[in-house]
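Asker: compute the structure for the input listed below.
(chains A and B)
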2 protein chains.
Amino acid sequence: MKPEILEYMTELGRNARKAASVLAAAETKQKNAALLAIADAIDSRRSALHDANQKDLERGKANGLEAALLDRLELTDARIDAMIDGIKQISALQDPIGEVSDMSYRPSGIEVGKMRVPLGVIGIIYESRPNVTVDAAALCLKSGNATILRGGSEANLSNRAIAECIVEGLEQQGLPGGAVQVVETTDRDAVGALITMSEFVDVIVPRGGKGLIERIASDARVPVIKHLDGVCHVYIDSDADSEKAHAIAVNAKTHRYGVCNAMETLLIAESLAAEVLPQLAEAYIAKNVELRVCEKTKVFLPDAVSASEEDWSTEYLGPVLSIKLVAGVEEAIDHINRYGSQHTDAIVTENYSLARRFLREVDSSTVMVNASTRFADGFEYGLGAEIGISTDKIHARGPVGVEGLTSQKWIVLGDGQIRT
Amino acid sequence: MKPEILEYMTELGRNARKAASVLAAAETKQKNAALLAIADAIDSRRSALHDANQKDLERGKANGLEAALLDRLELTDARIDAMIDGIKQISALQDPIGEVSDMSYRPSGIEVGKMRVPLGVIGIIYESRPNVTVDAAALCLKSGNATILRGGSEANLSNRAIAECIVEGLEQQGLPGGAVQVVETTDRDAVGALITMSEFVDVIVPRGGKGLIERIASDARVPVIKHLDGVCHVYIDSDADSEKAHAIAVNAKTHRYGVCNAMETLLIAESLAAEVLPQLAEAYIAKNVELRVCEKTKVFLPDAVSASEEDWSTEYLGPVLSIKLVAGVEEAIDHINRYGSQHTDAIVTENYSLARRFLREVDSSTVMVNASTRFADGFEYGLGAEIGISTDKIHARGPVGVEGLTSQKWIVLGDGQIRT
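Answerer: Residues are numbered from 1 along each chain as shown, chains lettered A, B, ... in the order given. Down below sits the predicted model:
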């Protein structure tokens, strides 16, 4: 690691640690006012944002960045509006910090409970979308955490321009600019420093493709909240309502293809296959969804491609679907727990006992009954916003909102009690 | 890593993963019955336990193990009784698994909430005390987790004998023996395998000295619930009740010395020093506690040793105490957040606003008002038992009981809702 990069990152770390203790003690109204001031600063500096973004876009084009990435990189006025709206929504959320719960008296006479507190300093590593800079900064600020943001090098000038707005908003409300810092160097060593300086960083949230996240998790010396793949299933049980099953299975696959909560494998109880499969296949084919199917499914869809073993654990992120017929809920649960990615899985059934069993035994971050996997999302769950969807079991599981960026400390209130 | 060790550990991992899915779905009464059957098996196999333990003790003596370690290794009848009692207490605890909370309807019509679930497979790495084998196995079983236990090599035969009782109890109640496995090899590569096989192990809980835990945390590829040091403080505020202050400061230091929740540094508001310090010093000196003090304290205790910079961050685990006079609560909080280990810190005060401020701003796993730091303990907090005290912020903070060995998944109940 280049010593000057390490030194630079250490300086950011030191600033962040210092700012974190100010933020942890900041009042709700001060944090909210700073969020609104940031929104105002972004609004009033639109032309500076556009200029910086234009330079990023031109460099991206010159470097042959592909069209999809250039699109994600672009800061249109509509996207700036959405950023501003997002900040205002986060400002309106309830402050999770300081919430006291579970207070109870113990036989010794002490009163014991928990108080919700920030994690401290959060490092965010993400790819080209500059709006993440604002979303992540706002969520961290609301939850009383300092943050160090490391965006993609393609968006470096855009992110730095956004950071200026953020610092303006923070300082205007008397909060330290060190509360939100954007890494200005595009040197890759900066990531290496960020994920290993455990004295300054409490948790890393990487956002991006599976490859990036696996690399970070493997090199990190700081806990990582990981969002790996979403191999989501819908299981249509023998006791399913056919209409609900059809609607959910179509929605879960075709509402959007490139998202982590889209269904990738459809499981159908053999006894219901004749009733639901032909119509479903028709719907998928009408939408140009490629079907990769098990041998039993071929009885109904002789022209479909045979699924390989690999298909069952593949996140297509596109118009491809694997289909398997199963004997019943037990085989469905086994298949999901074996091949799934513990993201989001749904059963369609009217059977009370099977629904309960599926809810309990499927080991995923969200388990659903009679609803589309597409609902797995922080906004839909009422978190207000999300910083990602955790496929970990430790700390936060599923959509991570402001609460996922906090911890709980114990508090003990006494009247002079000593231990005897 | 030796291939045969890797193969052996992989086999344990595979067994554990398989058993974990059975345990996750096991009913409360079956888990409780298995716990009681384990207690019975231990009771009825006392002589086998004594024999195995005797061999460990003899080998330990032959290898020159020091007396304190030999003492910790010994399985007396009283200790076996305590193990049995511990299991029965854990059996009587409420089952955390399956608890559903925070269910609410969302505008889309779906109902969203959380269900408490086991983490999966927990690896425990510990030193010579064989009773940890039983405690850890029982806590993991209660919380629906499979566990792989790696005890100290000095206790290997004792641990294996205990494991036989555990497997007997499990299988008698129809649970898989793979739910609790003791690593039989004393090869150090077994630890290396355990902490890196993330496909089979969800979390590692090391129990032992700071050195062991730091080594494991640094090499692990699996999340680690760490218990590092306990540099605990009591701050006697200017508005303290002198009697409570005296009792708490004496208790926190002298009730037991070698424990992580003992006070290591006493902070006193300058304005109250003349009132409380001489009497306190007398009490400490009467108990042969060595005092290492700041320059201002020397005015009152001219014969005391001067504290070095290092003293302020030292966990003595013995009859030594550092004392510092501070201007007030602000300096106390700064000192604690700078030199402490984020374990447990207490203020003694009758001042409402200062108590609130201390509670909020001290960044430790437990913050107390008018109570001895010695209360920081799973039993005292009502957790029933603890597997350790976490000094991490992620996942579990402070005493970790059965709930700390669980996670929450989201559950979504619908009537056919799709996302539009």
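Asker: what residues does the stretch 1-150 of chain A have near chain B?
Answerer: A:21, A:24-25, A:98, A:104, A:106, A:108, A:110, A:112, A:115, A:117, A:119-120 (CB under 8 Å from any CB of the partner chain). Using the backbone N, CA and C atoms, a C-beta is placed for each residue, glycine as well.
Asker: what about burial for those residues, which qualify?
Answerer: For these, a burial check counting by 16 or more other CB atoms under 10 Å in any protein chain shown picks out A:21, A:24-25, A:98, A:106, A:108, A:110, A:112, A:115, A:117, A:119-120.
Asker: how far is stretch A:70-88 from where the chain is centred?
Answerer: 18 Å (CA atoms, centre = their mean, to the nearest Å).
Asker: ignore what I typed, I meant stretch A:181-201.
Answerer: That offset, for stretch A:181-201, works out to 21 Å (CA atoms, centre = their mean).
Asker: check which residues of it are buried.
Answerer: For stretch A:181-201, by 16+ other CB under 10 Å, it's A:181-183, A:187, A:189-197, A:200-201.
Asker: need the phi and psi values for whatever residue of the stretch 251-400 of chain A ends up closest to chain B.
Answerer: When scored by CB to the nearest CB, the stretch 251-400 of chain A has residue A:371 as its residue closest to chain B, at 3.0 Å. Main-chain dihedrals, residue A:371, degrees, to the nearest 10: phi -150, psi 160.
Asker: kindly report the same for residue A:292.
Answerer: Dihedral angles (degrees, to the nearest 10) for residue A:292: phi -120, psi 120.
Asker: name the nearest residue to it, sequence neighbours excluded.
Answerer: residue A:307 (4.0 Å; CB to CB, 6 or more residues apart in numbering or on different chains).
Asker: hang on, the earlier thing: which ones among the residues of the stretch 1-150 of chain A next to chain B map onto helices?
Answerer: A:21, A:24-25 (DSSP state H).
Asker: of all these, which comes closest to chain B?
Answerer: residue A:25 (5.2 Å).
Asker: can you report how many residues lie near residue A:208?
Answerer: 18 (other CB atoms under 10 Å in any protein chain shown).
Asker: surely it is in contact with residue A:129?
Answerer: No: with contact defined as CB atoms under 8 Å, residue A:208 does not count as touching residue A:129 (9.5 Å).
Asker: the strand or helix carrying residue A:407 pairs with which strands, and in what direction?
Answerer: If you go by DSSP states H and E, residue A:407 is part of strand A:406-417. Take DSSP bridges as the rule and strand A:406-417 pairs in its sheet with strand A:111-118 (antiparallel), strand B:366-371 (parallel).
Asker: any chance of CSV for these, columns distance to residue B:92?
Answerer: Shown next, in CSV, are these (distance: least, CB to CB, whole Å):
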stretch, distance to residue B:92
strand A:111-118, 20
strand B:366-371, 25
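Asker: tell me which of those sits nearest to residue A:341.
Answerer: Closest approach to residue A:341 among those is made by strand A:111-118 (29.4 Å; CB to CB).
Asker: only C-alpha atoms, please: export the closest one in PDB.
Answerer: Only the C-alpha atoms of strand A:111-118 are listed here, as PDB (Å, rounded to 0.1, in the frame of the first residue of the first chain):
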ATOM      1  CA  GLU A 111     -33.100  -1.500  36.400                       C
ATOM      2  CA  VAL A 112     -31.700  -2.900  33.100                       C
ATOM      3  CA  GLY A 113     -32.600  -2.100  29.500                       C
ATOM      4  CA  LYS A 114     -31.200  -1.100  26.200                       C
ATOM      5  CA  MET A 115     -30.500   2.200  24.400                       C
ATOM      6  CA  ARG A 116     -30.200   2.400  20.700                       C
ATOM      7  CA  VAL A 117     -26.800   4.000  19.600                       C
ATOM      8  CA  PRO A 118     -25.000   4.600  16.300                       C
END
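Asker: go ahead and confirm residue A:135 touches residue A:385.
Answerer: Yes: contact criterion CB under 8 Å: residue A:135 and residue A:385 qualify, at 6.6 Å.
Asker: give me the common contacts of the two.
Answerer: residue A:86 (CB atoms under 8 Å, 6 or more residues apart in numbering or on different chains).
Asker: residues from the stretch 151-300 of chain A in reach of chain B?
Answerer: So far as CB under 8 Å from any CB goes, the stretch 151-300 of chain A lies against chain B at A:202-203, A:218, A:221, A:223, A:241, A:243-244, A:247-248, A:250-252, A:255.
Asker: what segments of the stretch 51-200 of chain A are helices?
Answerer: Remark: helices assigned in the stretch 51-200 of chain A by DSSP state H, counting those that start in this stretch are A:67-73, A:77-92, A:131-142, A:156-172, A:189-194.
Asker: hmm, who's touching the first one?
Answerer: Helix A:67-73 is contacted by residues A:53, A:56-57, A:60-61, A:65, A:128-130, A:154-155, A:158 when judged by CB under 8 Å, 6+ apart.
Asker: columns neighbour count, distance to residue A:378 and pLDDT on top of those residues, output as CSV?
Answerer: CSV is the format used below for these (neighbours: other CB atoms under 10 Å in any protein chain shown; distance: CB to CB, whole Å; pLDDT from 0 to 100):
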residue, neighbour count, distance to residue A:378, pLDDT
A:53, 23, 26, 97
A:56, 26, 27, 96
A:57, 21, 29, 96
A:60, 20, 29, 95
A:61, 11, 33, 96
A:65, 18, 29, 91
A:128, 23, 21, 71
A:129, 23, 16, 85
A:130, 29, 20, 90
A:154, 23, 26, 93
A:155, 30, 23, 94
A:158, 28, 24, 96
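Asker: run a quick neighbour tally on the closest residue to residue A:20 other than its chain neighbours.
Answerer: Among residues not flanking residue A:20 along the chain, residue A:146 sits closest, at 4.0 Å (CB to CB, 6+ apart). By the criterion of other CB under 10 Å, residue A:146 has 33 neighbours.
Asker: give me the helices and strands touching the helix or strand harbouring residue A:14, please.
Answerer: Per DSSP H and E, residue A:14 falls inside helix A:3-25. Under the contact definition 3 or more CB pairs under 8 Å, 6 or more residues apart in numbering or on different chains; DSSP states H and E, helix A:3-25 sits against strand A:111-118, strand A:121-126, strand A:146-150, strand A:180-182, helix A:189-194, helix B:352-361.
Asker: low pLDDT regions in chain A?
Answerer: Along chain A, segments meeting pLDDT under 70 are nowhere present.
Asker: what ranges does the stretch 251-400 of chain A have for its strands?
Answerer: Secondary structure of the stretch 251-400 of chain A (DSSP state E, counting those that start in this stretch): strands at A:263-269, A:290-293, A:305-306, A:320-326, A:344-348, A:366-371, A:388-390, A:398-400.
Asker: one step back: give me the neighbour count for the residue of the stretch 251-400 of chain A closest to chain B.
Answerer: Residue A:371: 32 neighbours (other CB under 10 Å).
Asker: so it touches residue A:248, yeah?
Answerer: Yes: the criterion here is CB under 8 Å, and residue A:371 meets it with residue A:248 at 6.9 Å.
Asker: which neighbours do the two share?
Answerer: By CB under 8 Å, 6+ apart, the residues touching both residue A:371 and residue A:248 are A:346, B:416, B:418.
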